[in-house]
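Asker: no letters, just coordinates:
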């Protein structure tokens, strides 16, 4: 019933030479661990025999803080969970809280929410692709190209919400403030120029011999294990399962947009698949953005929300398709202005469940590549 | 959920209860693993979220109508408990959620680990153990995940007090300052 | 000898100096040269903890370009770095590692506390696992507030640090005379770190503020 959990490895004794395992602690300060994350690996030469991840180096007790603050006061803290995609975190929290009360969200706000979420997806995937190739040893040049694109989108965020990264833009029932027509024109210009960058990247990287040989066949993840381990997001779709919350739950107004969900055909799920899925997802996001920017209506930006957000006692679980996976918020309301229990379902932490399975039998340099392809961000893993 | 709804769970396992207010199936201790295995067989293959919730002992006022037709308010004490909440979905049928809860007492909190059924519960149950103190029977690797190994106490519990940290400034969270002034922190 | 007039104390007038420079001879003080060289080639350590790390990386990318101020390379190992930019929340679990890395850096070394979390705990102050500021264990040279500070602010903090370096006097600065500064690494107890702060580096403020803040509705 449970997909294979134990992959074992046997030490060979060659020529009567006794060897022992080498225990290395990679982290928490390591150039490639994407934050303060530690992996205790046991090595037989260069091959990984065992791997134990250690979490908690960025545990900032976000959930306990939230129990002492009102619902709206928690919104800036959701920015800091997955600090690459602050808009998506905000939307997931606003979605969960709006399920507790009856609020109608105006059309313009819904369109802008989709635009912000897809721009965030572009920002995240672009940064991930940059960091991934950086981990392979490209010494920073693809990262600079990627961040060049990211800066253009961060400028848009700054014009709309006031901050580059921690936007705090979503409110219950809509958004904080409206965008101007100039902003929409600027956004259309950025979206029109983005495919040229994707083409440039693909031309340089997707057929690159080094990337092909270092990422194909590395970190295989079967679809059965992926579903059982709760993997979501591009990692799941790279293992061959077509499950995207924008199509399954159809939250917001995603049912109005025509887009496809890329997923691989087959059960391999290696690092190269995850890399290419993200490139394809960026192209689909551009499609959604073009449609949303063409159809956006005029109107209000926020619906009628109660002055003090005091929902009746209820429980709810709201989830969105974040760029890293399924980001969910579980809220228990008890009639007071503060949530009784506030829980974040972190996609990065749950995607790390299979890190050990994917790394055993690989070389230690592959561990870095596999970790890079899972796309973790420690603010979310440890909260 | 196509094919599996909470009614079928209640039929199959008579010991379970349905909590209307929370919209959840409550499995008694000892049956949770069996319920999970049955659900897995029915196609519920994705456990999305595992949460712990701590309820202190509290007094609840209820309005009941007695036989004369008069409403009266009675107060009863609800004993403290720790809930472990599972949100289950089916990727195969693209349906869900089904909420499953395990209820246990605050002292000696124990629950059955559903990790052998759904691997995604692995790290999340470790977190519930670390922060709430619930002992999961049958968990392959139960140890602290967020706090350091020598840490004592379970921080997410409602009655946990933080150690004193020389923070004399008044903060917007007056409760912390009040705790200092009442002398209820460990220095 | 000060930053404004590095050549004070020398008897050479400006005319003589100009003549010598035309002939290809530069007259200056060792301090001035040392500090000029040190300040303009500060190599930071890649020490990103949380969200501020992204803005630190952004300040190293081509738009903001920290390398024009001398920080050409970010070294991953503390043994080769001069500057530790502590960017992000320092948790109690991570604090011993931060102190250990600081101990491994050779002199001269400086610390920039970037972001509200590294200065004093930041928005996560009410945390059982949050260290209320990295200056409890290691000395900090420049405090950079912000959540997160913009990359331009990171560049300005580097400029402040360079000004501070220019005023250093190698004869009297204890960092250069007594050897590498190392601080004791805290250890874990059942509830907190032991010691909760380093008395050489930080003292708790004196008295409790008697009036709590007014009740505000959020």
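Answerer: Cool, got the structure. Note that the structure is a prediction, hence the values are computed from the model and not measured. Numbering: from 1, shown residues only, chains lettered A, B, ... in the order given.
Asker: got a list of what the spatially most central residue of chain A touches?
Answerer: Taking Cα atoms, centre = their mean, the centroid of chain A lies closest to residue A:324, which sits 2.0 Å from it. The neighbours of residue A:324, taking Cβ atoms under 8 Å, 6 or more residues apart in numbering or on different chains as the test, are A:82, A:85, A:124, A:233, A:234, A:347, A:348, A:351, A:375, A:376, A:377, A:380. C-beta here means a position set from N, CA and C on the backbone, and glycine is covered the same way.
Asker: could you redo the last one with a cut-off of 7 Å?
Answerer: A:82, A:233, A:347, A:348, A:375 (Cβ atoms under 7 Å, 6 or more residues apart in numbering or on different chains).
Asker: can you give me the distance of the closest residue in space to the third one that isn't next to it in sequence to residue A:319?
Answerer: Leaving aside its sequence neighbours, residue A:347 sits nearest to residue A:325 (Cβ to Cβ, 6 or more residues apart in numbering or on different chains; 2.8 Å). Taking Cβ to Cβ, to the nearest Å as the measure, residue A:325 and residue A:319 are separated by 10 Å.
Asker: using the three-state scheme, assign residue B:54.
Answerer: strand (DSSP: H, G, I helix; E, B strand; the rest coil).
Asker: hang on, it packs against residue B:84?
Answerer: No - between residue B:54 and residue B:84 there is no contact under Cβ atoms under 7 Å: 10.7 Å.
Asker: tell me which of the two has more neighbours.
Answerer: Neighbour count, other Cβ atoms under 10 Å in any protein chain shown: between residue B:54 and residue B:84, residue B:84 has more, with 28 against 22.
Asker: any idea how many residues pack against residue A:180?
Answerer: Neighbour number of residue A:180 under other Cβ under 10 Å is 10.
Asker: same deal with residue A:37?
Answerer: 26.
Asker: which pLDDT value belongs to it?
Answerer: Looking at residue A:37, its pLDDT stands at 90.
Asker: how distant is stretch A:251-260 from the center of its chain?
Answerer: Stretch A:251-260 sits 19 Å away from the centroid of its parent chain (Cα atoms, centre = their mean, to the nearest Å).
Asker: tell me the buried residues in it?
Answerer: A:251, A:252, A:254, A:257, A:259 (16 or more other Cβ atoms under 10 Å in any protein chain shown).
Asker: let's have those in CSV, adding pLDDT, distance to chain B and secondary structure.
Answerer: Shown next, in CSV, are those (pLDDT from 0 to 100; distance: Cβ to the nearest Cβ, whole Å; DSSP: H, G, I helix; E, B strand; the rest coil):
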residue, pLDDT, distance to chain B, secondary structure
A:251, 88, 14, coil
A:252, 85, 18, coil
A:254, 91, 15, helix
A:257, 91, 19, coil
A:259, 91, 17, coil
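Asker: tell me what residue B:103 is bridged to.
Answerer: residue B:83 (DSSP bridges).
Asker: what's the pLDDT at the residue nearest to the centre of chain A?
Answerer: 92.
Asker: same check on residue A:311?
Answerer: In the predicted model, residue A:311 carries a pLDDT score of 87.
Asker: what about the nearest residue to the residue nearest to the centre of chain A once chain neighbours are set aside, neighbour count?
Answerer: The shortest distance from residue A:324 to any residue other than its chain neighbours is 4.7 Å, reached at residue A:347 (Cβ to Cβ, 6+ apart). Using other Cβ under 10 Å, the number of residues around residue A:347 comes to 29.
Asker: same check, this time on residue B:77
Answerer: Residues lying near residue B:77 (other Cβ under 10 Å) number 9.
Asker: tell me which parts of chain A are close to chain C?
Answerer: Residues of chain A lying close to chain C (Cβ under 7 Å from any Cβ of the partner chain) are A:28-29, A:31, A:36, A:56-61, A:65, A:69-70, A:72-73, A:77, A:80, A:83, A:144, A:147-148, A:151, A:165-166, A:378-379.
Asker: so which bits of chain A are right by chain B?
Answerer: So chain A meets chain B at A:1-3, A:5, A:55-56, A:59, A:61, A:63-64, A:68, A:227-230, A:241, A:243, A:248, A:315, A:317, A:326, A:328, A:330, A:332, A:341, A:343, A:345, A:349-350, A:353, A:382 (Cβ under 7 Å from any Cβ).
Asker: and the residue nearest to residue A:324, what is it in contact with?
Answerer: Here residue A:347 is in contact with A:232, A:233, A:322, A:324, A:325, A:326, A:327, A:380 (criterion: Cβ under 7 Å, 6+ apart).
Asker: same deal with residue A:272?
Answerer: Shown in contact with residue A:272 (Cβ under 7 Å, 6+ apart): A:212, A:215, A:216.
Asker: what's the closest of these to residue A:359?
Answerer: The shortest approach to residue A:359 among those belongs to residue A:215, at 14.0 Å (Cβ to Cβ).
Asker: what sits against that closest one?
Answerer: Applying Cβ under 7 Å, 6+ apart, the residues near residue A:215 are A:270, A:271, A:272, A:275, A:369.
Asker: could you list the buried residues of stretch B:60-78?
Answerer: In stretch B:60-78, counting by 16+ other Cβ under 10 Å, buried: nothing.
Asker: residues in contact with it?
Answerer: B:57, B:58, B:59.
Asker: for the second one, which non-adjacent residue is spatially closest?
Answerer: Which is residue B:58. Spatially, and ignoring its direct neighbours in sequence, residue B:58 is nearest to residue B:78 (5.7 Å; Cβ to Cβ, 6+ apart).
Asker: now the first one
Answerer: Taking Cβ to Cβ, 6+ apart, and ignoring the residues beside it in sequence, residue B:57 has residue B:80 as its nearest neighbour in space, at 4.3 Å.
Asker: can you get me a residue count around the one you found?
Answerer: If we define neighbours as other Cβ under 10 Å, then residue B:80 has 16 of them.
Asker: quick check: chain neighbours aside, which residue is closest to residue 135?
Answerer: This is for chain A. That would be residue A:372: by Cβ to Cβ, 6+ apart, it lies 4.2 Å from residue A:135.
Asker: nope, chain C please
Answerer: residue C:202 (5.6 Å).
Asker: ok, residue A:344 next?
Answerer: Distances taken as Cβ to Cβ, 6+ apart place residue A:383 nearest to residue A:344, at 5.7 Å, with adjacent residues excluded.
Asker: sounds good, over and out.
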